[in-house]
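**Q** here is the input, now give the coordinates:
(2 chains)
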Amino acid sequence: MLDRKILREQMDWVVAQAKRKGVEVPSEEFTTTDSQLRAIKPQADTFRAEMNAKAKEIGNLMAQGKKEEAEAAKSHTGNLKTQIQKLEEDEKRLEAELYQIELRFPNVPHDSVPEGLTPEENVEVKAWKEKPAFDFTPKPHWELAESLKLIDFPAGAKISGSGFPVYTGWGARLQRALISYMIDHQTLTNEYHEIYPPFMVNAESLVGTGNLPKFEEDLYKTQDNLYLVPTAEVPVTNLLRDEILDLTSLPIKYAAFTACFRREAGSAGKDTRGLLRIHQFDKIELVKFVEPEKSYDELESMLQDAESVLQALGLHYRVLLLCAGDMGEKGCKCYDIEVWSPGVEKYLEISSVTNFEAYQARRANIRYRPEPGAKPEFVHILNGSGLAVPRLFSALVETYQQADGTILIPEPLQKYVGTDRLSTSS
RNA sequence: GGAGAGGUCGCAUAGUUGGUCUAGUGCGCCGCACUCGAAAUGCGGUGUAUCGCAAGAUACCGAGGGUUCGAAUCCCUCCCUCUCCGCCA
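**A** Purely as a prediction, here's the structure:
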């Protein structure tokens, strides 16, 4: 959500910025509804003030025992009352309409964001390490997973459905090791505070992060009207909903592990093999609440925090700065980290690191006080994956596969996995 | 799931025959006084949002409805917390 004042005063600018994202905004609807509301509110306030005064008068008369005068005064309130009721109805309706209109405005892309509407116009800003060289043809992870019995895809299909892999034996252990390693790395080295949230949330939380009402189709919903989290971003961001934070507590840095659940209505077709696109997957998510002036520095440092995992594991990756049209509606500036998966011969998006500025904070009503006694202002919120586990799993086993079919485990992971090599006999 | 008790402006509390409660008090916090300085003490201030140049007005006492000239106070629905019981990893 954008600041209502900005929509009022700088609509041309907002329209132009939305255009960079290829989004049409309901500018006229906003202006019409907003001015209607602004016309009605003062009227309603005035009538309410009159009503309050009358009620007080009646109270005083009653207290003095002047019953008849009080009764007389009562009979004059009817007209006022119906007027107030009518105005309040309009007020409520317009307020609801305006809110729905405001939700349709996308966030404004930062000046440093490249122009463009398609993924082709994203800009590669960094590449780390070379693609690994092989003197044999590297296999995709699903073949490795099958021969080493790390993942049982048919079993998952049997007990749940497609898109629900079953990790078995050393595969299960590697999965668990990656989670532990990344959580330790982000909390101990990069100083995030660990959160282990519920995997189900209510609708309010999803509205706070912008997943509802627009993306209801992508979510799993339970009979108790709770939703399975599509990412830890949802529960973690909402932890601070409706709070006014102390300046001294900023920046607040949270790292959380959850399973993530996505129905992905349109998933049929692309990337259906292996781990690339599944309904349930594990992810470590990083969320930061920061002072507005520092949010772009914090974005760079969050990007580094996410990258540092891949560096420690020695995996080749590149960083893309997304163009205005490809970064989604909520973001101001977004980097994607893509890890190289040599078996599938593709770069896999393994993290999106985004600065939302105040867009989410305004929705979830998360503020801070710039100085003691000052008016509360919205914090800036950033989040990024640190990292998505299945695609890391994929890149890792494909990168470290050997000619003999075994997989080397990079040094930092060894104590978590409990071995330096996965093989059929291990 | 059943029974009972509750949810009040940072924290703790007052408020239950509806009307000086648009919310009192204590703590905390800010300012001033006293002091070499501090503690203690005294005085004043101390929520959020919207509209307004301002004075000020309006809304908010878990959420949403209702009754009433008027509701923190009464009624209904829902959410949450606590105690006891039941069930259970």
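
**Q** which positions in stretch A:340-358 come out as buried?
**A** Neighbour-count burial for stretch A:340-358, counted by 16 or more other C-beta atoms under 10 Å, picks out A:340-344, A:346-348, A:350-358. (Glycine included, C-beta is placed from N, CA and C.)

**Q** just the ones of those in helices?
**A** Among these, no member falls in helices (DSSP state H).

**Q** inside strands: which ones of those residues?
**A** Using DSSP state E, the members of these that fall in strands are A:340-341, A:346-348, A:350-355.

**Q** out of those residues, which is nearest to RNA strand B?
**A** Using C-beta to the nearest atom of the strand, A:N355 comes nearest to RNA strand B of those, at 22.4 Å.

**Q** what about the spatially closest residue to the closest one that is not a sequence neighbour, neighbour count?
**A** Sequence neighbours aside, A:L299 is the residue nearest to A:N355 in space, at 4.4 Å (criterion: C-beta to C-beta, 6 or more residues apart in numbering). Neighbour count of A:L299, defined by other C-beta atoms under 10 Å: 24.

**Q** how much space separates A:L299 from RNA strand B?
**A** 25 Å (C-beta to the nearest atom of the strand, to the nearest Å).

**Q** who touches that residue in this structure?
**A** A:333, A:335, A:353-355, A:382 (C-beta atoms under 8 Å, 6 or more residues apart in numbering).

**Q** quick check: what element follows the helix or strand hosting it along the chain?
**A** Assigned by DSSP states H and E, A:L299 belongs to helix A:295-313. Sequence-wise, the next helix or strand downstream of helix A:295-313 (DSSP H and E) is strand A:317-321.

**Q** other SSEs contacting that following strand?
**A** Counting contacts by 3 or more C-beta pairs under 8 Å, 6 or more residues apart in numbering; DSSP states H and E, strand A:317-321 packs against strand A:123-128, helix A:295-313, strand A:333-341, strand A:346-355.

**Q** mean confidence for the third one?
**A** The average of the pLDDT scores along strand A:333-341 is 96.

**Q** pick out the most distant pair among the contacts of A:L299.
**A** Farthest pair in the contacts of A:L299 (C-beta to C-beta) is A:Y335 and A:L382. Separation: 10.7 Å.

**Q** next, show the common contact partners of those two.
**A** With contacts taken as C-beta under 8 Å, 6+ apart, A:Y335 and A:L382 have A:299, A:353-354 as neighbours in common.

**Q** contact partners for the single nearest residue of the stretch 201-350 of chain A relative to RNA strand B?
**A** At 6.6 Å from RNA strand B, A:I244 is the closest residue in the stretch 201-350 of chain A, using C-beta to the nearest atom of the strand. Under the criterion of C-beta under 8 Å, 6+ apart, the neighbours of A:I244 are A:367-369, A:376.

**Q** possible to save those as TSV with pLDDT?
**A** As requested, those are exported to TSV (pLDDT from 0 to 100):
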residue	pLDDT
A:R367	89
A:Y368	88
A:R369	83
A:P376	86
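
**Q** after the helix ranked longest in chain A, which helix or strand is next?
**A** Longest helix of chain A, by residue count under DSSP H: helix A:27-63. Using DSSP H and E, the helix or strand that follows helix A:27-63 in sequence is helix A:67-75.

**Q** got the buried residues for the following helix or strand past that next one?
**A** Heading C-terminal from helix A:67-75, the first helix or strand you meet, by DSSP H and E, is helix A:78-103. Of all the residues in helix A:78-103, those buried under the rule 16+ other C-beta under 10 Å are A:84, A:87, A:90-91, A:94, A:97-98, A:101-102.

**Q** still on that earlier bit, specify which member of the ones in strands among the buried residues of stretch A:340-358 is nearest to A:A53.
**A** So of these, ranked by how close each gets to A:A53 (C-beta to C-beta), first place is A:N355, at 49.3 Å.

**Q** circling back: which ones among the ones in strands among the buried residues of stretch A:340-358 come in contact with RNA strand B?
**A** Among these, no residue is within reach of RNA strand B (C-beta under 7 Å from any atom of the strand).

**Q** so which strand or helix has A:V15?
**A** helix A:11-20.

**Q** which positions within that helix qualify as buried?
**A** By 16+ other C-beta under 10 Å, the buried positions in helix A:11-20 come out as A:11, A:14, A:17-18, A:20.

**Q** is that helix in proximity to RNA strand B?
**A** No - applying C-beta under 7 Å from any atom of the strand, one finds helix A:11-20 separated from RNA strand B by no less than 14.8 Å.
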